[in-house]
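Student: Model the structure of this input:
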Amino acid sequence: MIVYNVTTKVDPSIKIEWVTWIKEEHITDIITTGCFTHANVFQLLEVDDSEGPTFTVQYFAGSKSLYNLYMDKFAPIMRQKAFDKWGDKFISFRSLMQVVN
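Tutor: Next comes the predicted model:
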């Protein structure tokens, strides 16, 4: 199992709306690509939130090839949609992990 992790620091002025959007729209759009089976949203605790809260969304893919398909075909579109909606009110970084059994 591959886990695509997106960590995002959100401007406090959009926190409530951003959480609603990520849970009700953005994750649904990404899961609909067929590249991921499900996703979980977390808010980081015990971090400096003076510039806004930090969230992480973990998307689960059955294989690295499905993740690669997402990155090649869908990621640029999804990132642009986020920037079109929120502008510079957030910053994200991404990492890729593999479940170790």
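Student: could you say what helices and strands the longest helix seen in the chain packs with?
Tutor: As far as residue count goes, and with DSSP state H defining each element, the longest helix of the chain is helix 75-86. Packing contacts for helix 75-86, counted by 3 or more Cβ pairs under 8 Å, 6 or more residues apart in numbering; DSSP states H and E, involve helix 27-32. (Glycine included, C-beta is placed from N, CA and C.)
Student: for the helix or strand just after the helix it packs on, what is the average pLDDT?
Tutor: In the C-terminal direction, the helix or strand that comes right after helix 27-32 (DSSP states H and E) is strand 38-43. The average of the pLDDT scores along strand 38-43 is 98.
Student: CA atoms only for strand 38-43 - export them in PDB, please.
Tutor: This file holds the C-alpha atoms of strand 38-43, laid out as PDB (Å, rounded to 0.1, in the frame of the first residue of the first chain):
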ATOM      1  CA  HIS A  38      -9.600   6.300   0.400                       C
ATOM      2  CA  ALA A  39      -8.100   9.300   2.400                       C
ATOM      3  CA  ASN A  40      -7.800  10.400   6.000                       C
ATOM      4  CA  VAL A  41      -7.600  14.000   7.200                       C
ATOM      5  CA  PHE A  42      -5.600  14.900  10.300                       C
ATOM      6  CA  GLN A  43      -4.800  18.200  12.100                       C
END
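Student: Could you pull up the residues touching residue 46?
Tutor: With Cβ atoms under 8 Å, 6 or more residues apart in numbering as the criterion, no residue contacts residue 46.
Student: Could you check how far it is from residue 54?
Tutor: Residue 46 sits at a distance of 10 Å from residue 54 (criterion: Cβ to Cβ, to the nearest Å).
Student: Over to residue 101?
Tutor: Taking Cβ to Cβ as the measure, residue 101 falls 28 Å from residue 54.
Student: So which of the two has more stuff around it?
Tutor: More crowded of residue 101 and residue 54, by other Cβ atoms under 10 Å: residue 54, with 17 against 4.
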